[in-house]
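>>> got a predicted structure plus its sequence, pasted below:
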Amino acid sequence: MADPLHQFQIQKIVDLPDVTLPLIGTVDLAFTNSHLAMTIAFLIVVGFLTLVTNGAKVVPGRTQAVGETLFGMIDGLTESIIGHDGKKYFPFVFAIFTFILAMNLLGMFLSFTATSQLAITATFGVITFALVVIVGIVKNGAGFLKLFWPTGAPLVMRPIVGLIEFFSFLLRPITLTLRLFGNMMGGHIALKVFAGFVATAVIGAAGAWGFLIFPLSLGMTIGLTALEFLVAFLQAFVFAVLTCIYLNDVVNLDHAH
């Protein structure tokens with residue numbers, strides 16, 4: 001059976017000369033399967049949204065209906081969690097949701113899933129965390145520090161609870177990173193393992209046990225494939241939900257404290 005981890009290996013498609021940058025060192029600029037997957041996902045998102053918005057009709061067709069459903073879902077999500085100011089952050093949340101969703105779904109058809117790479121999910125986590133910090137400082141100024149001083153707690157407990165809140169805040173990008181990475185990588189490994197059992201039974205490598213292994217493995221492969229499509233959507237949606245929750249903490253800081 002093929003190595004189930006082989007699907008996560010970065011492979012160069014176009015090798016380019018290395019570049020040395022100050023304070024960073026040597027950077028490999030090769031175009032890899034990871035770049036290819038992200039580029040295709042980006043083009044899919046742009047192409048899909050172009051089809052949805054161009055020639056929009058009062059009575060939407062199927063493509064326009066799907067686009068409007070996604071738009072309305074994220075618009076409702078930002079407004080319900082963040083409130084009236086959620087409209088300001090809708091473009092970011094919608095962009096990150098659609099891009100992650102496209103990469104997740106694309107990974108079901110390609111031999112490489114970009115969101116199964118820790119570096120990719122960490123980048124999304126850091127970008128989201130940076131936006132939350134910037135919005136918190138710009139909107140609240142020094143009052144941003146009130147996020148770590150819970151006025152609802154007894155005075156003697158506030159330093160302890162505040163310290164917990166501070167470390168919890170710093171762990172947010174790690175939470176975003178590991179949740180998306182772990183679910184996509186784990187699901188694809190399980191799917192590859194059971195698909196390998198199917199192949200083993202088909203070629204007869206399992207011997208007499210193949211008659212038992214084949215139907216069980218095929219059933220699990222079909223079930224996991226359906227589950228992975230659901231997980232691909234849910235993980236993009238969960239990332240959007242957590243992003244809205246983190247933004248709400250700093251946007252409505254005065255109301256929360």
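Looks like it came in fine.
>>> which parts of this structure are helices?
Here the chain has its helices, by DSSP state H, at 33-53, 62-82, 86-106, 118-140, 158-170, 172-202, 210-251, 253-256.
>>> as TSV, these with mean neighbour count and mean pLDDT would be great.
(Each C-beta comes from the backbone N, C-alpha and C, glycine too.) TSV is the format used below for the helices of the chain (neighbours: other CB atoms under 10 Å; pLDDT from 0 to 100):
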stretch	mean neighbour count	mean pLDDT
helix 33-53	16	92
helix 62-82	16	91
helix 86-106	20	94
helix 118-140	17	93
helix 158-170	13	88
helix 172-202	18	86
helix 210-251	18	89
helix 253-256	12	66
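>>> which of the ones you listed sits closest to I24?
Closest approach to I24 among those is made by helix 118-140 (14.6 Å; CB to CB).
>>> CA atoms only: put the closest one into CSV for me.
Only the C-alpha atoms of helix 118-140 are listed here, as CSV (Å, rounded to 0.1, in the frame of the first residue of the first chain):
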residue,chain,number,x,y,z
LEU,A,118,0.9,23.7,8.6
ALA,A,119,2.6,26.6,6.9
ILE,A,120,-0.6,27.5,4.9
THR,A,121,-3.0,27.2,7.9
ALA,A,122,-0.5,29.1,10.1
THR,A,123,-0.5,31.9,7.6
PHE,A,124,-4.3,32.2,7.7
GLY,A,125,-4.1,32.1,11.5
VAL,A,126,-1.4,34.9,11.7
ILE,A,127,-3.2,37.1,9.2
THR,A,128,-6.5,36.8,11.2
PHE,A,129,-4.7,37.4,14.5
ALA,A,130,-2.9,40.5,13.1
LEU,A,131,-6.2,41.9,11.8
VAL,A,132,-7.8,41.4,15.3
VAL,A,133,-4.9,43.2,17.0
ILE,A,134,-4.8,46.1,14.5
VAL,A,135,-8.6,46.5,14.7
GLY,A,136,-8.4,46.3,18.5
ILE,A,137,-5.7,49.0,18.8
VAL,A,138,-7.2,51.3,16.1
LYS,A,139,-10.7,51.1,17.5
ASN,A,140,-9.9,51.2,21.3
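>>> could you dump the helices of the chain into a markdown table with distance to K12 added?
Formatted as a markdown table, these follow (distance: least, CB to CB, whole Å):
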| stretch | distance to K12 |
| --- | --- |
| helix 33-53 | 8 |
| helix 62-82 | 34 |
| helix 86-106 | 20 |
| helix 118-140 | 16 |
| helix 158-170 | 35 |
| helix 172-202 | 21 |
| helix 210-251 | 26 |
| helix 253-256 | 46 |
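>>> distance of M73 from L51?
From M73 over to L51 the distance is 18 Å, taken as CB to CB, to the nearest Å.
>>> looking at the helices of the chain, which is closest to L23?
helix 118-140 (17.7 Å).
>>> I would like the residues contacting that closest one, please.
34, 38, 89, 92, 96, 100, 103, 114-115, 144, 146-147, 172-178, 180-181, 239, 243, 246-247, 249-251, 253-254 (CB atoms under 8 Å, 6 or more residues apart in numbering).
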